[in-house]
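[1] Here's my sequence, what's the structure:
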Amino acid sequence: MSAALLAKLTAKGLIIDGSPMGGGIVEISAADVAASLAFGNLELWAYKYSLGKWCADAEYIKESQGEVEHLTWAHYQPKVKRVEARSISVVAMFQAVGGYLCPHCDGSKVVRIATGLVACKACRESGRGPLRLSTKADLMGMSRQGYTKTWDERVKWAESVISGWEQAGLTHMYRQFSQEEMAG
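    Predicted coordinates:
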């Protein structure tokens, strides 16, 4: 399993025919992803978050968000109340799992030019883009200035926790699929 194929992993599996809209053969299914995560020594929250994100398991996303809330609250206590930690975790998890559609390709991962369709470079073919500060502030229910002054640093901290889980999950899957390839 190459890193390039693993980079195309979605919640629906992996499409390898190269067409931007799918319709090809799925080489790595959600069941394969779940099985690869189950083997080895993957940290609990990296496991749960990875199952939630790449196997489209909403229950694990919800549990992971609860853990981010708890970690944020514990990290910033007594400056952050529990309800504020919940808002931070919602924004951070939304960014990590969903985000918003890329404005250049409208989530299609391709851009139409005169000669046809090309891969969207703005979102690196993910179809998603980072949340703007104003959107994060809206999700937190405050002004952009208030968000930037107080909450941006805290949301970035929560996003870094989630990013660590995601990286651990991807590294773990890469190793598992590489071992399968070497054994096969």
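
[2] Now Ile113, what are its backbone angles?
    phi -120, psi 180 (degrees, to the nearest 10).

[3] and Val111, that one's in a helix?
    No - read with DSSP: H, G, I helix; E, B strand; the rest coil, Val111 is strand and lies in no helix.

[4] Any idea how many residues pack against it?
    Using other Cβ atoms under 10 Å, Val111 is surrounded by 17 other residues. For the C-beta atoms, the positions are set from N, CA and C on the backbone; glycine is no exception.

[5] how far away is it from Cys102?
    9 Å (Cβ to Cβ, to the nearest Å).

[6] Could you do Cys123 as well?
    Taking Cβ to Cβ as the measure, Cys123 and Cys102 are separated by 4 Å.

[7] okay, and the common contacts of these two?
    Lys109, Gly129 (Cβ atoms under 8 Å, 6 or more residues apart in numbering).

[8] give me the low-pLDDT residue ranges for the protein?
    For the chain, the stretches with pLDDT under 70 are 1-27, 179-184.

[9] Now do the helices in it.
    3-7, 30-38, 44-54, 58-76, 82-93, 133-140, 144-146, 152-183 (DSSP state H).

[10] Contacts for the fifth one next, please.
    Right, helix 82-93. Contacts of helix 82-93 (Cβ under 8 Å, 6+ apart): 61, 64-66, 68-70, 72-73, 76, 80, 131, 136, 139-141, 151, 154-155, 158-159, 161-162.

[11] Can you flag the buried ones in those?
    Taking 16 or more other Cβ atoms under 10 Å as the criterion, what is buried in the contacts of helix 82-93 is 61, 64-65, 68-69, 72-73, 76, 80, 131, 136, 139-140, 151, 154-155, 158-159, 161-162.

[12] Would you mind listing the outside residues contacting stretch 164-182?
    Outside of stretch 164-182, the residues within contact range by Cβ under 8 Å, 6+ apart are 1, 3, 6, 9, 28, 33, 36-37, 39-40, 42-43, 45-47, 49-50, 53-54, 64, 96.
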